[in-house]
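[1] I'll drop the sequence and a predicted model, then ask my questions.
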Amino acid sequence: MLLDGCHEGKHTPRLAEVKCPMCGAWVEVFVKMGGAPGQTGTLATSESCECGFILKAGTYETDYRK
């Protein structure tokens, strides 16, 4: 389960909004706050925009304009 409880705040992903690179619409995503090296700041799950673009899990939040 994605939100299975708080473990000192680092286990629970945070909710953020990023802009879709295709249409510029705002998309809500869950961002990992901890984990293995290189996972902090990545999308926890894939999310799709209303235009059909898929923001893939594992990509960095900073890859999308804020």
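    Done, it's in.
[2] Name the nearest residue to Pro21, ignoring sequence neighbours.
    Tyr64 (6.2 Å; C-beta to C-beta, 6 or more residues apart in numbering). All C-beta spots, glycine's among them, are computed from the backbone N, C-alpha and C.
[3] Go ahead and confirm the one you found touches Lys19.
    Yes: counting by C-beta atoms under 8 Å, Tyr64 does reach Lys19; the two are 5.9 Å apart.
[4] what do those two both touch?
    Residues touching both Tyr64 and Lys19 by C-beta atoms under 8 Å, 6 or more residues apart in numbering: Val27.
[5] do you know how far the residue nearest to Pro21 is from Met33?
    17 Å (C-beta to C-beta, to the nearest Å).
[6] do the same with Cys51
    28 Å.
[7] So between these two, which is more surrounded?
    Comparing Cys51 with Met33 by neighbour count (other C-beta atoms under 10 Å), the higher total belongs to Met33, at 16 against 11.
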